[in-house]
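**Q** quick check, what structure comes out for this input:
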Amino acid sequence: METAIKIKSITIALAQFLGIISIIILAQVVFKNQFITGTIINALLICSVFFLGLRQSIGIAIIPSLFSVFTGLMAPVILPFVPFIILGNIILVVTINYLKNSYFLAGAIGAILKFSFLFLTSAYLFSFLPEPILYAMSYPQLITAFLGVGVSFIILKIAKKI
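**A** This is a model prediction of the structure:
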């Protein structure tokens, strides 16, 4: 009986993981708009913390950028910045995980930390990048992170995770 419960739990977690990854990939392919895609990715990164836990969320935080790189969705000029985008996503999920008992505080701090990291990294380490890319790593990151907090709140409320 205990083995059947473990198998069911693992199956549900795997389905949730694959579902989140699938929606993230689909959003990148279909929308190709930073504000829509970024909001969806941030919302699902946050949801993954509540549905799957920190370790799996870190795995999910890595996938969107790698998918963009390997499918050619990301401009080649931004490739050196990919590890920093991944780290920004990890900063968001780690912050949410450690402060998740205070959802909106976690969301606000996570959004601000992710934005600050990407903005400062792009401004100081990658100032040679074209202006549109530098802009993409600035305020749109803050906006999509905050929108992601809002969207994930609705999803998590419906799913009774918060």
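
**Q** quick one: contacts for the closest residue to residue 82 other than its chain neighbours?
**A** Once flanking residues are discounted, residue 82 sits nearest to residue 65: 4.9 Å by CB to CB, 6 or more residues apart in numbering. (Glycine included, C-beta is placed from N, CA and C.) Counting by CB atoms under 8 Å, 6 or more residues apart in numbering, residue 65 touches 74, 82, 85-86, 89.

**Q** where's the dip in pLDDT among the residues you listed?
**A** Least confident by pLDDT among the contacts of residue 65: that is residue 74, with 84.

**Q** assign it to helix, strand or coil.
**A** At residue 74, secondary structure determined by DSSP: H, G, I helix; E, B strand; the rest coil is coil.

**Q** burial measure for it, as a count.
**A** 19 (other CB atoms under 10 Å).

**Q** residues in contact with it?
**A** Contacts of residue 74 (CB under 8 Å, 6+ apart): 65, 68, 82.

**Q** mark which of the residues you listed are part of helices, please.
**A** In helices, defined here by DSSP state H, the members of those are 65, 68, 82.

**Q** need those in TSV (columns: distance to residue 3).
**A** Below are the ones in helices among the contacts of residue 74 laid out as TSV (distance: CB to CB, whole Å):
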residue	distance to residue 3
65	37
68	39
82	41
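
**Q** and of those residues, the nearest to residue 145?
**A** residue 65 (15.2 Å; CB to CB).

**Q** picking that back up, wait, which of the ones in helices among the contacts of residue 74 is closest to residue 33?
**A** Of these, the one sitting nearest to residue 33 (CB to CB) turns out to be residue 68, at 13.5 Å.

**Q** ignoring the adjacent residues along the chain, who's closest to that closest one?
**A** Residue 68 sits nearest to residue 74 (CB to CB, 6+ apart), 3.9 Å away.

**Q** where are the low-confidence patches of this structure?
**A** Across the chain, residues meeting the criterion (pLDDT under 70) sit at 1.

**Q** now the element after the lengthiest helix in the chain, going C-ward?
**A** In the chain, taking DSSP H as the definition, the longest helix is helix 2-30. Per DSSP states H and E, helix 2-30 leads on to helix 34-52 as the next helix or strand towards the C-terminus.
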